[in-house]
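> Next come a sequence and a model predicted from it.
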Amino acid sequence: MRFSQIILWLCLILAATPAFGQAVVLRPEDVLPRLKEAAPEAFYINGHDVHGLSQEAAATYYPLGDGAKYVLALLTLRLADKGVISLDEPVAKALPDLMDFNPFEVAITPKHLLAETAGFAQLYNYVDSGLETAPLRYFMIKTRGAGQIAVHDPVGWQLLAAFLERKTGNTLVELVASEVLAPLAIDESAFEKAQAESPVFTPLAFHHMRGDGLARIFSLLAQNSQADGQPYLQRTAWEYLASRPLWQVHPLGPARLAGLHMVKQDKHVWVENDETDCGFAPKFLAFPTAGLVFVSLPGSDKYVECKVFSAIAARTGILQIPPNWDEAAAMEAANQLVPATQLDGLFECADTASNIAFRISRASVCHLKISGSGPYDLQASATSGTVTISMDLEEIAPFAYEAKGVRANLFFSPYRAGGYAMVGGQAYVRVGVLGYFRTLAGKYIPLMIVILLSGVLHVRSQTSVQWRRFGWFCIAGGGLVGTGLYADWHWWPTVLYELQMPWVITLWRTGLNVGLMLLLALPMLSFTFIRQQNMPEKGFALLFAGPHLGLISLSAIGLFLTTIIWGVAGTFTAY
């Protein structure tokens, strides 16, 4: 063989090698039959080549769904490469009309938004009307500080889109056309714009992309190159998509990249998009350093096809690709962590709802109970809806446990000494002792309100003016708190998003807090009556005044504690 031919072959091999990785070549006849059996419209990308994408699928438009996060990540990283934005700058400084910059809090940055760790509340089952026109600031309700735990966060993606538009002066669709479609030589006709966006969902989720355009975009995970052969992203930015976590719960556990999930299993690591709408939008798994991307487009039996495809694609990668995750190094990093002295307790799902009704109902059906005598001997019971999984756990490293007999791992976050946990893809947050009473306390609210309102019996008391004042405190306090809780439970989403009258919510929440102050006065007044012997001296009141004072005091304290447990005490603003 001539020297020039050797050089030519070397060039061809290098051209087939993905950026910063070692190429793995898979034969279509070995891979496609298994993928197609799971999902008829599945295909895979191997370096520069696309295998199995039919002409019909290439010409069909598909909703981006949660693949929109990946597109937004491409756009954000591209703008960061150009110096238009910084991934570490506080977004509040560019959006003062949406957020207040608080120097005493962890500032939300584009990195937090890309990893879905900004800490915004979730949006569940809200009224349909009004959502498209409600201002974004109505949805920006914080439940925790930035960087603590990663959960599906459409509000965070909406904030990122607003940030990019403000920094560039262009709309999101214009940015996609100039920074994603054009460099990849994707015709703008391949991107079909949605009629309307909704703040409840990720931006671009309802937009459609043609199959051949999707293949080109997903191929960036196998080959970091644009149409002219130049790198689409700089190396560091591309690694945020492929291998460098922006957040991880534990060195051995799942992690988040820019818009993608990192999964670690059987000495292998791969990235994939969210499964929130699995089967109803494109699903893809990628082994970037090996130059492989497996893609499933929505078919007929959507959800089943997507789940089976995911399992087959992951297994194919594990069998065909040499180990690409240094588990020993991760274990060494995990063993450097200082073990927690106590990990048992109650955890609730971390995707906390923004209003009280769905927050309480969600807590009752989605929680994790950890029990045991110490960090080495734990049992877990994870409940989601009507399904409960019980696990006996064996410690494999500090904050990391493996279930016996069940293919599941439990990881605690070293942050706050195990204050967060993850089983599979579900994140949980420790709620402590009060969490056990969160759903229980609500059952007794009507009874407590009735007991407080029974203070009307003392409004015309002949004993003293203090007793008459006590009666009015009972009526006013019980009425204001009861009205505020009822309004928050039943009316909050409608008033805020449909009627867009946040001042009404501020009004009833102010009344609720005034009522709580009146309720706190009741036990003190009761104690004063007894200490000063200011009690009825005859008749029916002589027999029942004492027990009634006790019931009212207990109800006042119980109602006050319930509002604290539910997180409404001390809240005045609508969002």
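Arrived safely.

> okay, now the domains of the protein?
Segmentation of the chain into domains, based on automatic domain parsing, reads 8-329, 339-431, 442-566.

> Contacts only, for the spatially most central residue of the chain.
The structure's the chain has its C-alpha centroid closest to Val151; by Cα atoms, centre = their mean the separation is 2.1 Å. Applying Cβ atoms under 8 Å, 6 or more residues apart in numbering to Val151 gives the contacts 116, 122, 350-351, 427. Just so you know, the C-beta spots here come from the backbone N, C-alpha and C atoms, and that holds for glycine as well.

> Just these: which are in strands?
Ala427 (DSSP state E).

> ok, of the contacts of Val151, which one's closest to Trp489?
The shortest gap between Trp489 and any of the contacts of Val151 belongs to Gln122, at 17.2 Å (Cβ to Cβ).

> So for the closest one, what pLDDT did the model give?
Looking at Gln122, its pLDDT is 83.

> what do you get for Val459?
pLDDT for Val459: 86.

> now Ile6
42.

> What mean pLDDT does stretch 477-485 get?
95.

> and it, which residues are buried?
By neighbour count on 16 or more other Cβ atoms under 10 Å, the buried set for stretch 477-485 is 477-482, 484-485.

> With secondary structure as extra columns, can I get those in TSV?
Output for those, formatted as TSV (DSSP: H, G, I helix; E, B strand; the rest coil):
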residue	secondary structure
Gly477	helix
Gly478	helix
Gly479	helix
Leu480	helix
Val481	helix
Gly482	helix
Gly484	helix
Leu485	helix
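
> Reformat those residues as a markdown table; add distance to Asp66.
Listed next are the buried residues of stretch 477-485 as a markdown table, based on distance: Cβ to Cβ, whole Å:
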| residue | distance to Asp66 |
| --- | --- |
| Gly477 | 47 |
| Gly478 | 46 |
| Gly479 | 46 |
| Leu480 | 43 |
| Val481 | 41 |
| Gly482 | 41 |
| Gly484 | 37 |
| Leu485 | 35 |
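
> hmm, which two among those are most spread apart?
Across the buried residues of stretch 477-485, no pair lies farther apart than Gly477 and Leu485, at 12.4 Å, counting by Cβ to Cβ.

> Would you mark the buried spots in the lengthiest helix in the chain?
For the chain, the helix that runs over the most residues, judged by DSSP state H, is helix 502-531. Neighbour counts using 16+ other Cβ under 10 Å place 502, 504-505, 508-509, 511-513, 515-516, 518-519, 522-523, 525-526, 529 of helix 502-531 among the buried residues.

> Show me what it is packed up against.
helix 465-490, helix 539-566 (3 or more Cβ pairs under 8 Å, 6 or more residues apart in numbering; DSSP states H and E).

> that older thread, how about the domains of the chain, which one is nearest Ala574?
domain 442-566 (3.5 Å).

> Can you give me the end-to-end span of the closest one?
9 Å (Cα to Cα, to the nearest Å).

> Kindly report the same for stretch 190-210.
So stretch 190-210: terminal residues 5 Å apart, Cα to Cα.

> circling back to that earlier point, quick one: the longest helix of the chain to helix 539-566, angle?
Our comparison of helix 502-531 with helix 539-566, counting by axes from the mean of the first three to the mean of the last three Cα atoms, to 10 degrees, yields an angle of 140 degrees.

> how far out from the middle of the chain is helix 502-531?
35 Å (Cα atoms, centre = their mean, to the nearest Å).

> orientation of it relative to helix 465-490 in degrees?
Using the same axes, to 10 degrees: helix 502-531 against helix 465-490 is 150 degrees.

> Just give the number of residues close to the residue nearest to Leu184 when sequence neighbours are not counted.
Of all residues beyond its chain neighbours, the one nearest Leu184 is Arg216 (5.2 Å), with distances taken as Cβ to Cβ, 6 or more residues apart in numbering. A count of neighbours around Arg216, defined by other Cβ atoms under 10 Å, yields 21.

> Arg216 belongs to a helix?
Yes: membership of Arg216 in a helix is supported by three-state DSSP.

> My read is that it contacts Ala182, right?
No: using Cβ atoms under 8 Å, Arg216 makes no contact with Ala182, being 11.9 Å away.

> so Arg438 is in which element?
helix 438-441 (DSSP states H and E).

> what does that helix contact?
By Cβ under 8 Å, 6+ apart, helix 438-441 touches 348, 360, 363-364, 431, 558, 561-562, 565-566.

> now, which of these sits nearest Ala258?
Glu348 (27.8 Å).

> What spatial separation is found between the spatially closest residue to Ser553 that is not a sequence neighbour and Phe470?
Spatial nearest neighbour of Ser553, chain neighbours left out: Pro523 (4.1 Å); criterion: Cβ to Cβ, 6+ apart. Computed as Cβ to Cβ, to the nearest Å, the Pro523 to Phe470 distance reads 11 Å.

> again with Asn273
61 Å.

> next one: Arg460
For Arg460, the distance to Phe470 - Cβ to Cβ - is 12 Å.

> For these two, indicate the residue with more neighbours.
Neighbour count, other Cβ under 10 Å: between Arg460 and Phe470, Phe470 has more, with 24 against 9.

> where does Glu275 land in three-state SS?
Glu275 - assigned by three-state DSSP - is coil.

> which residues does it contact?
Contacts of Glu275 (Cβ under 8 Å, 6+ apart): 66, 283, 306, 310, 425.

> try Lys93
Applying Cβ under 8 Å, 6+ apart to Lys93 gives the contacts Phe101.

> could you measure it against Phe101, distance?
6 Å.

> Which parts of the stretch 251-400 of the chain are strands?
With strands called from DSSP state E, counting those that start in this stretch, the stretch 251-400 of the chain shows them at 255-256, 261-265, 268-272, 283-287, 292-296, 345-349, 366-374, 377-384, 387-397, 400-404.

> could you redo those strands as JSON lines and give each row mean pLDDT and mean neighbour count?
Listed next are the strands of the stretch 251-400 of the chain as JSON lines, based on pLDDT from 0 to 100; neighbours: other Cβ atoms under 10 Å:
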{"stretch": "strand 255-256", "mean pLDDT": "94", "mean neighbour count": "21"}
{"stretch": "strand 261-265", "mean pLDDT": "93", "mean neighbour count": "19"}
{"stretch": "strand 268-272", "mean pLDDT": "95", "mean neighbour count": "23"}
{"stretch": "strand 283-287", "mean pLDDT": "95", "mean neighbour count": "27"}
{"stretch": "strand 292-296", "mean pLDDT": "95", "mean neighbour count": "28"}
{"stretch": "strand 345-349", "mean pLDDT": "88", "mean neighbour count": "21"}
{"stretch": "strand 366-374", "mean pLDDT": "80", "mean neighbour count": "17"}
{"stretch": "strand 377-384", "mean pLDDT": "76", "mean neighbour count": "18"}
{"stretch": "strand 387-397", "mean pLDDT": "84", "mean neighbour count": "15"}
{"stretch": "strand 400-404", "mean pLDDT": "86", "mean neighbour count": "18"}
